[in-house]
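> Turn this into a structure:
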Amino acid sequence: SNFLLNFFSAFSMFSPSFTGTTIMFLKLKYVVIKLFDSRIAAQNYTYFLYLQNFPIDFIENTLEIVPLLFIESHYKPIKMKSEIINRIASLRNFMRKHKLSAFIIPSTDPHSGEYIPKHWEARKWISGFTGSAGTVVVTLDKAGLWTDSRYFLQAAEQLENTGITLFKERLPETPSIVEWLGCVLNAEDNVGIDGWVNSYQETSNLQKELEKKQIHLTLAPDPFNELWTDRPALPDNKVFIHELKYAGLSYKDKITQIREAIRRNSCTGILISALDEVAWTLNLRGSDVHCNPVFVSYLLITEYSSTLYIIENKLSDEVKDYLTENEIKVRPYSTIEKDLKDFTGKLLLSANINAAVHAAACAHSLIEIAPSPVLFLKAIKNETEIEGFHRAMKRDGVAMVKFLRWLKAAVSTGNETEISIDKKLYEFRAGQPHFNGISFDTIAGYKAHGAIVHYEATPETDIPLKPEGMLLLDSGAQYLDGTTDITRTIVLGAL
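Residues are numbered from 1 along each chain as shown. Okay, the predicted model is just below:
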């Protein structure tokens with residue numbers, strides 16, 4: 001039989017604050033290899049050792065792998081393939097009803113979040129692809145997913161037999177979404193998007209590029225309100241006060257700085273949409289987004305008033321009293337569109353504001369598109385915040401040292417797996433003061449699993465740890481006074 005061995009990711013760097021290194025040991029007696037250097041995207045680097053079309057007996061006689069690093073199938077589709085096919089068919093019926101030739105489904109939410117509540121995970125629902133980044137485009141007879149190199153292996157398996165083609169971003173042979181639509185659609189066709197989950201900037205750029213091909217972009221209703229019958233509700237988790245001893249700066253001090261920025265831009269108001277910016281401004285925190293202490297809301301600030309748009313049952317009596325004390329009005333989350341249509345004056349909006357909100361604000365207001373001043377204000381940490389980061393790192397370091405001390409002895413018993421050590425690390429962190437959950441899902445990759453970018457153990461992929469080989473452990477925590485992200489490559493025994 002023919003043999004194809006794909007070794008993935010000798011070295012990866014996921015973010016400026018994170019470096020994970022996994023080494024693959026190969027003994028080559030005699031073999032011809034090709035080294036493919038992937039395109040560099042942001043700060044992601046991926047290298048492939050790719051042996052192609054060699055007979056199995058040739059490989060066995062020429063290649064010894066120490067340890068064995070066959071990367072098996074790890075990613076299971078979230079639903080049966082047939083169900084994904086049915087969902088795409090239902091979306092196409094929606095498209096025909098609304099005279100659309102294509103529909104674009106991004107991975108974000110109305111607040112341009114990278115990490116989003118389950119209510120807005122429509123891209124995952126329609127495709128079965130569970131990676132954090134990607135865009136699905138569906139036409140009346142074709143479909144594609146665009147994602148980056150972190151998810152090439154995962155996407156290829158999860159999309160298999162769904163009718164969705166994988167487009168590998170940043171490779172020279174991969175067309176952009178607009179280029180592909182230009183090839184598969186006709187002049188005067190309509191492409192639909194949900195304006196609530198596409199930013200004003202992205203929508204404007206997309207519209208300009210499509211118009212060059214005589215294709216029209218249309219803001220359509222959210223199809224998943226109709227098609228996704230068991231769609232999760234908007235989160236209603238309680239909001240809590242982020243105390244001044246952690247924040248270092250009161251809401252009133254912050255609002256003064258924001259209003260000064262509004263005046264410098266010759267505006268009469270600003271709508272803050274990014275959830276982290278709302279939370280920072282108000283000194284409030286929540287748990288609406290997995291691993292992120294934020295809550296779904298908008299904040300409208302004018303020269304003389306502040307209005308929080310939120311689902312009201314998320315507010316405890318204590319938080320309501322805090323908002324009243326700081327003269328912050330509360331309006332239902334769903335009324336933001338109506339209120340913006342009635343707003344008069346000049347409104348400062350970030351280019352990342354969603355297209356639906358931008359359209360509503362344009363009804364009776366002048367619009368100034370500029371970076372949110374909150375983005376810059378919260379980037380400058382005050383002394384209290386800096387000291388909090390140091391304290392959080394020390395506590396997290398204590399938890400990590402306790403874990404490392406426990407790990408090798410525990411592994412020698414033969415009773416530990418990737419999932420079990422993840423749970424144990426959580427226990428050590430949870431025992432530290434001010435712990436407020438993890439900052440991202442732990443990557444605990446043993447041996448070959450450490451070579452899989454963004455690997456996350458599941459019951460299907462979980463394997464036992466032995467006193468040999470290496471463990472890649474990438475983890476972090478949220479504390480009330482700081483956030484941590486720690487990566488370690490741990491030698492458990494003989495390599």
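
> For the longest helix seen in the chain, name the packing helices and strands.
Criterion DSSP state H: the longest helix present in the chain is helix 383-412. Helix 383-412 sits against helix 244-247, helix 418-430, strand 477-479, strand 482-483, strand 486-491, with contacts defined as 3 or more CB pairs under 8 Å, 6 or more residues apart in numbering; DSSP states H and E. (C-beta placed from N, C-alpha, C; glycine too.)

> what's the second one packed up against?
This points to helix 418-430. Here helix 418-430 touches helix 383-412, strand 435-438, strand 443-446, strand 470-475, going by 3+ CB pairs under 8 Å, 6+ apart.

> Would you enumerate the residues in contact with the nearest residue to V289 once chain neighbours are set aside?
Ranked by CB to CB, 6 or more residues apart in numbering and with sequence neighbours excluded, the top spatial neighbour of V289 is Y115, at 5.1 Å. The contact partners of Y115, by CB atoms under 8 Å, 6 or more residues apart in numbering, come to S132, V289, H290, C291, N292.

> Could you rerun that using 7 Å?
V289, H290, C291, N292 (CB atoms under 7 Å, 6 or more residues apart in numbering).

> Likewise for D276?
Listed by CB under 7 Å, 6+ apart, the contact set of D276 reads V294.

> so which helix or strand takes in it?
Assigning secondary structure by DSSP states H and E places D276 in helix 275-282.

> mind checking how far that helix is from the chain centre?
Relative to its chain's centre, helix 275-282 lies at 18 Å (CA atoms, centre = their mean, to the nearest Å).

> same check, this time on stretch 431-450
Averaged C-alpha coordinates place stretch 431-450 at 17 Å from its chain's average position (CA atoms, centre = their mean).

> how far does it stretch from start to finish?
27 Å (CA to CA, to the nearest Å).

> what does stretch 238-245 give?
21 Å.

> mean confidence score for that stretch?
Stretch 238-245 carries an average pLDDT of 98.

> Show me which residues of it are buried.
Using 16 or more other CB atoms under 10 Å as the test for burial, stretch 238-245 gives V239, F240, I241, H242.

> Restricting to C-alpha, output stretch 129-146 in PDB.
Provided in PDB are the C-alpha atoms of stretch 129-146 (Å, rounded to 0.1, in the frame of the first residue of the first chain):
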ATOM      1  CA  PHE A 129     -15.600  22.700  12.500                       C
ATOM      2  CA  THR A 130     -14.800  23.500  16.100                       C
ATOM      3  CA  GLY A 131     -11.600  25.600  15.700                       C
ATOM      4  CA  SER A 132     -11.600  29.100  17.100                       C
ATOM      5  CA  ALA A 133     -11.000  30.800  13.800                       C
ATOM      6  CA  GLY A 134     -12.500  30.400  10.300                       C
ATOM      7  CA  THR A 135     -15.100  31.700   7.900                       C
ATOM      8  CA  VAL A 136     -17.700  29.600   6.100                       C
ATOM      9  CA  VAL A 137     -19.100  30.600   2.800                       C
ATOM     10  CA  VAL A 138     -22.100  28.800   1.300                       C
ATOM     11  CA  THR A 139     -23.500  29.200  -2.200                       C
ATOM     12  CA  LEU A 140     -26.500  27.400  -3.700                       C
ATOM     13  CA  ASP A 141     -24.300  24.500  -4.800                       C
ATOM     14  CA  LYS A 142     -20.900  24.900  -3.100                       C
ATOM     15  CA  ALA A 143     -19.400  25.600   0.300                       C
ATOM     16  CA  GLY A 144     -16.000  26.500   1.700                       C
ATOM     17  CA  LEU A 145     -14.200  27.100   5.000                       C
ATOM     18  CA  TRP A 146     -11.200  29.400   5.200                       C
END
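
> now what about that stretch, what contacts it?
Applying CB under 7 Å, 6+ apart, the external contacts of stretch 129-146 come out as 78, 88, 91-92, 95, 101-107, 123-124, 126-127, 147-148, 151, 154-155, 158-159, 163-167, 169, 177, 180, 184-185.

> Determine the number of other residues adjacent to D230.
For D230, the count of nearby residues is 5 (other CB atoms under 10 Å).

> helix/strand/coil for it?
coil (DSSP: H, G, I helix; E, B strand; the rest coil).

> Look at G144 and tell me its secondary structure.
G144 ends up strand, using three-state DSSP.

> So in terms of bridging, what pairs with it?
G144 forms beta bridges with V137, T165, as assigned by DSSP bridges.

> burial of it, as a residue count?
21.

> any idea how far S266 is from the closest residue in space to R263 that isn't next to it in sequence?
Closest residue in space to R263, ignoring its immediate chain neighbours: E303 at 7.7 Å, by CB to CB, 6+ apart. Going from E303 to S266 by CB to CB, to the nearest Å gives 12 Å.

> ok, now L181?
Going from L181 to S266 by CB to CB gives 39 Å.

> So for those two, which sits in the more crowded spot?
L181 (24 against 10).

> what separates the host helix or strand of the more buried one from the chain centre, distance-wise?
Using DSSP H and E, L181 sits in helix 177-184. Its chain's C-alpha centre and that of helix 177-184 lie 25 Å apart, by CA atoms, centre = their mean.

> coming back round to it: doesn't the residue nearest to V289 fall inside a strand?
No: looking at Y115 with three-state DSSP, it is coil, so not inside a strand.

> give me phi/psi at it?
Torsion angles at Y115 (phi, psi; degrees, to the nearest 10) stand at phi -110, psi 130.

> out of the helices and strands packed on helix 418-430, deepest packed?
Neighbour counts (mean count of other CB atoms under 10 Å) averaged over each of the helices and strands packed on helix 418-430 peak at strand 443-446, with a mean of 25.

> how far away is the residue nearest to R263 from L348?
E303 is 12 Å from L348, where distance means CB to CB.

> Who has more neighbours out of those two?
L348 (25 against 11).

> How about residues contacting the helix or strand hosting that one?
Following DSSP H and E, one finds L348 within strand 345-349. The contact list for strand 345-349, computed with CB under 7 Å, 6+ apart, reads 262, 265-271, 358, 361, 365-370.

> Repeat the analysis, applying 8 Å as the threshold.
200, 262, 265-271, 302, 340, 357-358, 361, 365-370, 372.

> If you average the pLDDT over stretch 403-422, what comes out?
Throughout stretch 403-422, pLDDT has a mean value of 96.

> So which of the contacts of strand 345-349 sit within strands?
Among the contacts of strand 345-349, DSSP state E puts G269, I270, L271, T302, S365, L366, I367, E368, I369 in strands.

> tell me the two of those residues that are most distant?
T302 and I369 (18.0 Å; CB to CB).

> quick one: contacts for E121?
Residues near E121 by CB under 8 Å, 6+ apart: P232.

> For it, give me phi and psi.
Main-chain torsions, E121, degrees, to the nearest 10: phi -80, psi 50.
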